[in-house]
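In: my questions concern the predicted model and sequence given below.
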Amino acid sequence: MTRKYFGTDGIRGRVGEAPITADFFLKLGWAAGTVLTRNAVGKKRVLIGKDTRVSGYMFESALEAGLIAAGVDVDMLGPMPTPAIAYLTRTFRAAAGIVISASHNPVEDNGIKFFAADGYKLPDDVELEIEALLDQTLITNGSNHLGKARRISDAAGRYVEFCKGSLPSGFSLSGMKVVLDCANGATYDVAPKVFKELGALTTTMGNQPNGFNINDQCGSTHTAALAAAVLDEQADLGIAFDGDGDRVLFIDSQGDLVDGDELLFIIAQHRQSYQGGCNGVAGTQMSNLGLELALAELQIPFTRTKVGDRYVVEAMKENNWHLGGESSGHVLCSDLNTTGDGIVSALQVLRAIMDSGKSLRELKSGMSKLPQLMINVRLAKKIDISSDDVINRAIADAEAKLAGRGRVLLRPSGTEPLIRVMVEGEDRALVEQLAVAIAETVKQRVETAKS
């Protein structure tokens, strides 16, 4: 069946434009509550968390009303990272967890993600069941069968302890100087507590959310300010989270970015050397070829999936691997949490640094990234790039020039109205030339489709 609302990571869009409206979220709460609690034993219970967007208040209230109408009890967690919702859904023995967030997107957007009782994102068939129910009339239960709502006051403290518990007993970051960028998002409160309680000398930025400044020139999508702060503070490193805390990127002591591919390599190498081995890593079509080559040298298997953490999780489950992720900073350690967890993943990198006695810059040098350029082409109207002869000829021409020593990938974003054009190869100048040429071709075809 064709999806009407759900994309690669829940439902997302511009606030005030369908389906990101109050009336839709009301009905979505009712539909999701009905589907997700049908097999609940005892009380029907769902958790709701959110990031720091001003629109979160409205959507939180709408979801709460819809769930209560369906006879579901609601636990309100307030602003909390997405991975915290996954963890708390399991520990509270809830039927489901809901996150109101548009992740790394600007404040004008919002969205929703669901976790099943096991803390994993919903399978396709369950999302389709929710969509089917959205086409039916909302039926409000009578007074004797309505749900209730309450606020959970100790959710943040529970998650802080969970994060610290992902490290060995007695582990300390004493002596390490760290700058945190919380993107004015969901990690603004919990992340500084975790790192300070572990003993790090911590400077924090992006921890003053006002409802409108989430991801605004800060966080993992805008790391320039963090890089400058690391140099100014003469810190050992910087850590940048995105708006909902499921992504993480690092800045090394020289102000250079360390992306998700490099972080995956560092964690995999540490597990291979210090934790009894790493049996495999799942990446995506966008993962740098340098990661694949570096893991091969360590004799660690590697596989690629479609872009999206749900596909990475599927590959990890299929192969019984515990490590996977994306270059954007989604890093999944499934032996620690069921979804990408920016804080927990950052702590695994810091564990590698402390155990090895090497700096972040030294550890990342074990992987040589191939030059890669990605250009985003914004869409005013959707086009089918796979069947466009002009675009396909441009791709074929580029692949011929790379002569088997690189890759070309075009894909529509699952979260934004964009076509992502990626070219990778050994020759940086050629990579840039080909990426710009293909992107220009796509732009021209988009303009043609509009007229």
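Out: Yep, that arrived.

In: so what touches stretch 397-410?
Out: 285-286, 289, 370, 385, 391, 395, 419-426, 430-431, 434, 437-438, 442 (CB atoms under 8 Å, 6 or more residues apart in numbering). C-beta here means a position set from N, CA and C on the backbone, and glycine is covered the same way.

In: give me the buried entries from those.
Out: Among these, those buried by neighbour count (16 or more other CB atoms under 10 Å) are 286, 289, 370, 385, 391, 395, 419-425, 430-431, 434, 437-438, 442.

In: which parts of the stretch 1-150 of the chain are helices?
Out: Under the criterion DSSP state H, counting those that start in this stretch, the stretch 1-150 of the chain contains helices at 22-36, 55-69, 82-91, 124-134.

In: low-confidence regions, the protein specifically.
Out: For the chain, the stretches flagged by pLDDT under 70 are 1, 381-383, 414-415, 450-451.

In: change it to 80
Out: Residues of the chain meeting the criterion pLDDT under 80: 1-2, 41, 380-385, 413-417, 448-451.

In: what's the domain layout of it?
Out: Under the assignment automatic domain parsing, the domains of the chain span 11-153, 159-364, 372-450.

In: could you dump the ones you listed to a markdown table with distance to Tyr5?
Out: Shown next, in a markdown table, are the domains of the chain (distance: least, CB to CB, whole Å):
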| stretch | distance to Tyr5 |
| --- | --- |
| domain 11-153 | 5 |
| domain 159-364 | 16 |
| domain 372-450 | 13 |
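
In: so which of those is nearest Arg3?
Out: Each of the domains of the chain was scored for nearness to Arg3 using CB to CB, and the closest is domain 11-153 (6.8 Å).

In: next one: that closest one to chain centre, how far?
Out: Relative to the chain's own centre, domain 11-153 is displaced by 18 Å; criterion: CA atoms, centre = their mean, to the nearest Å.

In: for stretch 282-295, same thing?
Out: How far stretch 282-295 lies from its chain's middle: 18 Å, per CA atoms, centre = their mean.

In: before we move on, what about stretch 230-237?
Out: Put simply, stretch 230-237 sits 26 Å off its chain's centre (CA atoms, centre = their mean).

In: which residues touch it?
Out: For stretch 230-237, contacts defined as CB under 8 Å, 6+ apart pick out 176-179, 203, 229, 238, 250-255, 353, 359-360.

In: quick check: of those residues, which lies closest to Asn319?
Out: The closest of the contacts of stretch 230-237 to Asn319 turns out to be Phe250 (CB to CB; 26.5 Å).

In: all the strands of the stretch 101-250 of the chain, residue numbers only.
Out: Assigned by DSSP state E, counting those that start in this stretch, the strands in the stretch 101-250 of the chain fall at 109-116, 149-151, 177-181, 201-205, 237-241, 248-251.

In: among those, which is nearest Arg378?
Out: strand 109-116 (13.8 Å).

In: pull the residues that contact the closest one.
Out: For strand 109-116, the external contacting residues (CB under 8 Å, 6+ apart) are 9-15, 20, 25, 28, 32, 36, 53, 55-56, 59, 63, 82, 85-86, 89, 96-103, 105, 121-123, 126-127, 338-339, 415.

In: go again with 7 Å.
Out: Defining contact as CB atoms under 7 Å, 6 or more residues apart in numbering, one finds that strand 109-116 is touched by 9-15, 20, 28, 32, 53, 55-56, 59, 82, 85-86, 89, 96-102, 121-122.

In: now for the closest residue to Leu379 other than its chain neighbours, how many residues are close by?
Out: Distance criterion CB to CB, 6 or more residues apart in numbering; nearest residue to Leu379, sequence neighbours excluded, is Pro417 at 4.5 Å. By other CB atoms under 10 Å, the residues close to Pro417 number 15.

In: quick check: Pro417 vs Ser166, distance?
Out: Applying CB to CB, to the nearest Å, the value for Pro417 to Ser166 is 36 Å.

In: what residue in the protein is the furthest from its centre?
Out: Each residue of the chain has a distance to the centre, and by CA atoms, centre = their mean the biggest one is for Asn144: 39.6 Å.

In: residues in contact with that one?
Out: With contact set as CB under 7 Å, 6+ apart, Asn144 has no partners.

In: i'd like the first residue to be 31 from this point on
Out: From this message on, residue numbering opens at 31, which makes the last subject Asn174.

In: tell me how far it lies from Lys74.
Out: Distance, Asn174 to Lys74, by CB to CB: 14 Å.

In: swap in Ile50?
Out: Relative to Lys74, Ile50 is positioned 26 Å away (CB to CB).
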